[in-house]
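Visitor: Kindly generate the corresponding structure for this input.
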Amino acid sequence: MTEPAARTYQADILAIDDTPENLQLLSQLLTERHYKVRSVTKGSTALRAAQAAPPDLILLDVNMPQMNGYEVCQQLKADKRTRDIPVIFVSALGETLDKVKAFQVGGVDYVTKPFQVEEVLARIETHLQLRSLQHQLQQQNTQLQQEIRDRKLAEEKFAKAFRSSPNPITLTSLPDCEFIEVNPSFLRLSGYTREEVVGQRISDLPLGLNPTAAAEGAVELSAAGVLHNREVDLRTKSGEIRTLLISVELIDLAGSPCALSVANDITERKRLENEFISLVSHELRTPMNSVIGALDLLATGHLGTLTEKGETLIQIAITNAERLIRLVNDILDLERMKSGQLTLQLQQCRVADLLHQAQAAMQGLAEPAQVQIEVDAVELEVWVDCDRILQLLTNLLSNAIKFSEPGNLIWLSASAEHQAIEPPAALHICVKDQGRGIPTEKLHLIFERFQQVDASDARRQSGTGLGLAICRQIVQQHGGRIWAESELGQGSTFHVTLPLSAPLAQDLQPEQIR
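Guide: Below you'll find the predicted structure:
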């Protein structure tokens, strides 16, 4: 036989009255409306019942032997287990003083006998709802207090870490890039005082930071939420240039977006790295030229006839030696650009000529790969170092060819960016391919040195991992911008913007055009 399901009650009510008939009437009325009712006739018994199992509400008579209702209510309110239970007095005493005393001892309401059933039920329901809301409010207050304590503790930990960190840390508002706070490590590195920095925008201080790049970084940060390992040069108050590796996270500060930046000073590391690369490159180039010369001599057969296998091995050796020479030359080029030893020779060049020259220069690589290059150029002149821009274009085309399949097309185009003004302010160059594409998470890395999407492919295609790094350096020296867009399986598009006007040479600082 199936047992009946347990009955669900709206609330647990304790009724206290020395008259059994009154208790029976109240119990019947409340039970019919799905209230659980416990009835007692003595005050002392009621106290024990309430302490053992606190009810949701108490109905209390005033006139009772041994202990009257006022005394019962006082003891209920004195006990922490029962002090929050609402007590409604139900009594034949109707004088104002009686009601006032009931409220003074802690009652929440007073119903005079004889009572109307609807009135009693309405008051019971009202005070049960009030108690439920009060209980919810208490829970929310408790939770809020805990959250406040947790947040205060987190803020104290953050403030301590912020102040004591050996890494320079800054907090800036977005999108205006105004310094909100900086830590002592940043002040020691930059040479400024807190008063000189806080409240200033990045563009207001001679920190050597590119305001345009900072604004673009703010847009990228707002979209991605975090930026990792961005290399920037910071000019200190004394004029010294320090190289920093910065990571930035988007945080919420009092409802406003802010950028929390943590920097690592890699100046000395970069100096040692550059010295090592330069030394190794110079030490390699001279002997490798001798090796290539000797291999070429062997390949001509002047020193004796080679077998077919010997010719193959000689050709492999020449190919690898030439690849090593290209790597060394790329390293030296990049280091000269970064160290300011390479001066731009600015002159006016026809954009269409540059694009067609780049196309012609890369035909020797495109034809064996069965890749076609299409050019669409605007008739404009640009104020640039023509040789360096040609190097930029051939590097981008070479990269596109290497990762294209036979039969693919590559589009090399140039157009004017008007930016709502006349004449056009910038030249926009695009190199679009139909290759496999680049994963989104690697797009921000591809312009770093020795960064390759697929190292095995790069080795097979004789890549050095420096071509795009050189492209970025050339573009930055011209005061332009370079970036890539890609989707796996849909190819990649490399974008370059360059200023068109001649004042570029005057606007840039000497270290920017060297």
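
Visitor: For the rest of this, base every contact and every neighbour count on C-alpha atoms.
Guide: Fine.

Visitor: Do you know the pLDDT at residue 255?
Guide: Residue 255 carries a pLDDT score of 86 in this model.

Visitor: how close does it get to residue 247?
Guide: 22 Å (C-alpha to C-alpha, to the nearest Å).

Visitor: now residue 263
Guide: According to C-alpha to C-alpha, residue 263 and residue 247 sit 7 Å apart.

Visitor: likewise residue 391?
Guide: Using C-alpha to C-alpha, residue 391 is found at 31 Å from residue 247.

Visitor: cool, and residue 150?
Guide: From residue 150 to residue 247 the distance is 26 Å (C-alpha to C-alpha).

Visitor: With neighbour numbers in mind, choose between these two.
Guide: residue 247 (18 against 12; other C-alpha atoms under 10 Å).

Visitor: who's that one bridged to?
Guide: Beta-bridge partners recorded for residue 247 (DSSP bridges): residue 262.

Visitor: quick one: contacts for it?
Guide: Shown in contact with residue 247 (C-alpha atoms under 8 Å, 6 or more residues apart in numbering): 226, 227, 228, 229, 230, 261, 262, 263.

Visitor: again, only this time at 6 Å
Guide: Residues near residue 247 by C-alpha atoms under 6 Å, 6 or more residues apart in numbering: 227, 228, 229, 261, 262.

Visitor: Take the residues you listed and write them to CSV, including pLDDT.
Guide: CSV is the format used below for the contacts of residue 247 (pLDDT from 0 to 100):
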residue, pLDDT
227, 88
228, 86
229, 85
261, 93
262, 95
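
Visitor: which of these count as buried?
Guide: For the contacts of residue 247, a burial check counting by 16 or more other C-alpha atoms under 10 Å picks out 227, 261, 262.

Visitor: from these, which single one is nearest residue 180?
Guide: Residue 180 lies nearest to residue 261 out of the buried ones among the contacts of residue 247, by C-alpha to C-alpha, at 11.7 Å.

Visitor: ok, for the closest one, nearest residue in space, not its chain neighbours?
Guide: Distance criterion C-alpha to C-alpha, 6 or more residues apart in numbering; nearest residue to residue 261, sequence neighbours excluded, is residue 248 at 4.3 Å.

Visitor: which ones are touching the one you found?
Guide: Counting by C-alpha under 6 Å, 6+ apart, residue 248 touches 226, 227, 260, 261.

Visitor: among those residues, which are in helices?
Guide: Nothing among these maps onto helices, per DSSP state H.

Visitor: now, which of those sits nearest residue 279?
Guide: Among these, and counting by C-alpha to C-alpha, the member closest to residue 279 is residue 227, at 32.7 Å.

Visitor: where does this structure dip in pLDDT?
Guide: For the chain, the stretches with pLDDT under 70 are 1-8, 210-212, 281, 338-342, 418-424, 450-464, 501-514.

Visitor: give the contact list for the most centrally placed residue in it.
Guide: Among the residues of the chain, the one closest to the centroid is residue 225, at 1.8 Å (C-alpha atoms, centre = their mean). The neighbourhood of residue 225, defined by C-alpha under 6 Å, 6+ apart, consists of residue 250.

Visitor: quick one: residue 198 and residue 179 touch, right?
Guide: Yes. At 5.0 Å, residue 198 counts as touching residue 179 under the criterion of C-alpha atoms under 6 Å.

Visitor: Same drill for these two, tell me which one is more crowded.
Guide: More neighbours surround residue 179 than the other of residue 198 and residue 179, with 20 against 16 (other C-alpha under 10 Å).

Visitor: and the more buried one, what does it touch?
Guide: Counting by C-alpha under 6 Å, 6+ apart, residue 179 makes contact with 172, 198, 199, 200.

Visitor: Need phi/psi at the residue of the chain most remote from its centre.
Guide: The centre of the chain is farthest from one residue, residue 65, which by C-alpha atoms, centre = their mean lies 72.3 Å away. Main-chain dihedrals, residue 65, degrees, to the nearest 10: phi -70, psi 160.

Visitor: How about residue 17?
Guide: Main-chain dihedrals, residue 17, degrees, to the nearest 10: phi -160, psi 140.

Visitor: Kindly report the same for residue 89.
Guide: For residue 89, the backbone dihedrals (degrees, to the nearest 10) come out as phi -80, psi 130.

Visitor: That one bridge partners, please.
Guide: For residue 89, the beta-bridge partners are residue 60, residue 110 (DSSP bridges).

Visitor: Which strands or helices does the host helix or strand of residue 215 pack on?
Guide: If you go by DSSP states H and E, residue 215 is part of helix 211-224. Here helix 211-224 touches no other helix or strand, going by 3 or more C-alpha pairs under 6 Å, 6 or more residues apart in numbering; DSSP states H and E.

Visitor: quick one: that helix to chain centroid distance?
Guide: On the basis of C-alpha atoms, centre = their mean, to the nearest Å, helix 211-224 sits 11 Å off its chain's mean C-alpha point.

Visitor: Next secondary structure after the longest helix that the chain contains?
Guide: Counting by DSSP H, the longest helix found in the chain is helix 117-164. Later in the chain than helix 117-164, the nearest helix or strand by DSSP H and E is strand 169-173.

Visitor: Could you point out the helix or strand that follows that next one?
Guide: The helix or strand immediately downstream of strand 169-173 is strand 179-182, counting by DSSP H and E.

Visitor: Tell me the strands beside that following strand, with direction?
Guide: Strand 179-182 pairs in its sheet with strand 169-173 (antiparallel), by DSSP bridges.

Visitor: what distance separates the partner strand from the centre of its chain?
Guide: Centroid separation between strand 169-173 and its chain, computed with C-alpha atoms, centre = their mean, is 14 Å.

Visitor: Using PDB, write out the CA atom coordinates for that strand.
Guide: The C-alpha coordinates for strand 169-173 follow below in PDB (Å, rounded to 0.1, in the frame of the first residue of the first chain):
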ATOM      1  CA  ILE A 169      52.800  48.700 -12.900                       C
ATOM      2  CA  THR A 170      50.400  51.400 -14.200                       C
ATOM      3  CA  LEU A 171      46.600  51.800 -14.100                       C
ATOM      4  CA  THR A 172      45.200  53.900 -16.900                       C
ATOM      5  CA  SER A 173      41.700  54.900 -17.800                       C
END
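
Visitor: could you give the angle of that strand to helix 211-224?
Guide: Using axes from the mean of the first three to the mean of the last three C-alpha atoms, to 10 degrees, the direction of strand 169-173 lies 80 degrees away from that of helix 211-224.
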